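1. The following block contains a protein sequence and its predicted model.
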Amino acid sequence: MLPDDSVPRLELFLLASATLEPAGYGFLETPIFEDTELFARGVGESTDIVQKEMFTFEDMGGRSLTLRPEGTAPICRAYVEHGMHKRPQPIRLWYWGPFFRHEAPQAGRYRQFSQVGAEVLGSDDPAVDAEIIALLADILEEADARALRLRLSSLGTAETRREYSEELTGFLRSRADELAPDVQARIEANPLRAFDSSDAGTHAVMKEAPTLLDRLTAEDAEHFAEVRGLLDAAGIEYEIDPALVRGLDYYTRTVFEFTSDALGAQSGVGGGGRYDALVEQLGGPPTPAIGWAAGVERILLAAGGAPDVERTVEVFVAVPKDERRRTGFRVWKRLRGEHSTLMGEPGRSMKGQMKQADRVGARWTVIVEDDGFELKDMESGEQRPVASEDELVKALAQ
Ligand code: HAM
């Protein structure tokens with residue numbers, strides 16, 4: 001990440017902050033690495049992330065540590081460890097930072113990438129589902145991410161999912177010879193992932209597969225209907241996708257994903273869902289929760305690359321090498337608060353400094369003289385004397 005690319009990133013950070021903070025979300029940071037066990041238990045042993053994508057190492061004390069591949073399990077750990085479950089619920093949190101997955105790098109897929117994420121812990125109210133989806137929709141829209149689609153589904157409770165998994169396993173076994181070899185190999189461990197396959201034969205079989213949406217309990221179906229009703233009421237468009245399978249095991253009930261048709265194969269811009277059993281599974285009290293994470297690089301790619309923001313220099317202070325450099329430094333310090341101000345290097349000739357002022361596109365150049373200043377309008381080329389610092393401040397304020 002070099003300075004040329006940093007402006008849109010910083011703007012996205014400010015946009016996320018300006019969207020989430022007023023909605024009651026508090027920013028938190030969790031460590032870059034955690035006990036491997038946290039991810040193995042939290043994300044799920046059968047997931048791609050745990051099976052082959054984690055950067056795991058031993059520390060000097062022989063403990064197994066892992067660079068965080070995602071942020072939800074660490075947040076659940078922090079929620080319990082720091083007694084957030086004892087405060088008034090729900091707790092609203094957001095985060096931003098680097099994450100690590102050992103995947104084959106390609107456009108939009110990196111081994112170190114950044115996520116912005118939000119989580120609400122301690123409520124199972126469908127209004128929270130709709131709220132958090134609406135906030136991500138707002139951020140993506142404000143960031144100018146193009147050709148967005150929101151896919152939505154419900155996975156039911158862990159128990160419904162278990163029963164459905166058994167039914168689906170039976171179905172997949174009965175059609176095993178029509179499935180791709182990697183799907184066949186995973187029938188027992190993670191039958192739901194068969195919906196994710198890009199293999200044509202598997203795809204055809206999955207069109208006839210029973211869907212989880214048809215197996216939801218009345219309570220879960222009602223919860224999902226309420227989430228949809230709230231999104232409808234707010235005019236947020238979505239598609240119901242019964243085959244929406246997220247790559248992490250902790251999801252229950254609502255799941256969603258924003259994709260951008262402007263991206264290539266890696267079209268997932270951001271996604272998430274409920275994880276009503278995860279906090280308890282990690283040793284905390286039963287705590288329903290929901291959240292999402294979005295890829296910073298993918299949002300910027302979907303926004304069509306760098307907008308034409310340039311670092312602009314308003315005032316350039318040209319300083320001679322003698323004692324006037326102190327005056328120049330004082331002027332630079334004083335102007336900085338109001339204008340983006342760059343100071344020339346006193347070691348350089350005046351001619352060199354004027355060239356530099358030109359190169360950085362300064363609007364004004366202040367030349368420090370023995371008895372005052374010269375103020376040069378870099379657009380018209382006109383130059384006029386200014387007697388004092390106060391006058392200089394005034395002249396530049398106009
Ligand atoms: P995820 O879908 O695995 O969910 O990742 C979220 C987003 O991170 C993706 O939509 C994508 O934009 C970005 N991303 C993932 N892997 C890469 C990569 N290798 N290179 C670039 N970008 C990537 C989670 O991580 C869950 N923790 C989300 C969540 C929060 N669920 C509930 N709360």
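-> All right, it came through fine. Numbering: from 1, shown residues only.
2. Give me the residues contacting stretch 91-101.
-> 13, 16, 20-21, 23-30, 32, 49, 53-55, 67-71, 75, 79, 84, 111-122, 296 (C-beta atoms under 8 Å, 6 or more residues apart in numbering). Backbone N, C-alpha and C define where each C-beta goes, glycine included.
3. 6 Å instead, please
-> 20, 24-28, 53, 55, 67-69, 71, 84, 112-122 (C-beta atoms under 6 Å, 6 or more residues apart in numbering).
4. Can you select the buried ones among these for me in ChimeraX?
-> Buried residues within those, by 16 or more other C-beta atoms under 10 Å, are selected in ChimeraX with:
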select :20,25,28,53,67,68,69,71,84,113,114,115,116,117,118,119,120,121,122
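5. In the protein, what residue spans correspond to helices?
-> 3-20, 36-43, 48, 72-81, 126-142, 158-174, 181-185, 200-207, 218-233, 278-281, 296-302, 324-336, 350-359, 389-397 (DSSP state H).
6. Give the buried residues for the fifth one.
-> Okay, so that is helix 126-142. By 16+ other C-beta under 10 Å, the buried positions in helix 126-142 come out as 126, 128-137, 139-140.
7. Return the member of the residues you listed nearest to G304.
-> Closest approach to G304 among the buried residues of helix 126-142 (C-beta to C-beta): L140, at 13.0 Å.
8. contacting residues around the closest one?
-> Contacts of L140 by C-beta under 6 Å, 6+ apart are 148, 258.
9. what's the pLDDT at it?
-> Turning to L140, the model gives it a pLDDT of 97.
10. Nearest spatial neighbour of D261, chain-adjacent residues omitted?
-> Leaving aside its sequence neighbours, D261 sits nearest to A147 (C-beta to C-beta, 6 or more residues apart in numbering; 3.8 Å).
11. right, and that neighbour touches F258 too?
-> No: contact criterion C-beta atoms under 6 Å: A147 and F258 do not qualify, at 10.6 Å.
12. where does the protein come near the ligand, residue by residue?
-> For the chain, the residues in contact with the ligand (C-beta under 6 Å from any ligand atom) are 70-72, 101, 103, 109-110, 113, 115, 117, 119, 247-248, 268-273, 275, 291-295, 297-298.
13. make it 5 Å
-> 70, 72, 101, 103, 109-110, 113, 268, 270-272, 291, 293, 295, 298 (C-beta under 5 Å from any ligand atom).
14. Which of those residues are buried, as a ChimeraX select command?
-> In ChimeraX syntax, the buried subset of the residues of the chain next to the ligand is picked out as below (16+ other C-beta under 10 Å):
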select :70,72,101,103,109,110,113,268,270,271,272,291,293,295,298
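15. and the residue nearest the centre of the chain, what does it touch?
-> Central residue of the chain (C-alpha atoms, centre = their mean): V116, 2.3 Å from the mean position. When contacts are counted by C-beta under 6 Å, 6+ apart, V116 touches 16, 96, 294, 296.
16. and the gap between it and V393?
-> Applying C-beta to C-beta, to the nearest Å, the value for V116 to V393 is 39 Å.
17. Could you do Q266 as well?
-> Distance from Q266 to V393, by C-beta to C-beta: 51 Å.
18. L65 now?
-> 54 Å.
19. Give me the buried positions along stretch 155-162.
-> 155-158, 160-161.
20. rewinding a little: show me the residues of the chain next to the ligand that map onto strands.
-> 113, 268, 270-272, 291, 293, 295 (DSSP state E).
21. okay if I get those residues as JSON lines plus distance to K333?
-> Below are these laid out as JSON lines (distance: C-beta to C-beta, whole Å):
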{"residue": "F113", "distance to K333": "39"}
{"residue": "G268", "distance to K333": "47"}
{"residue": "G270", "distance to K333": "42"}
{"residue": "G271", "distance to K333": "47"}
{"residue": "G272", "distance to K333": "46"}
{"residue": "G291", "distance to K333": "44"}
{"residue": "A293", "distance to K333": "41"}
{"residue": "G295", "distance to K333": "40"}
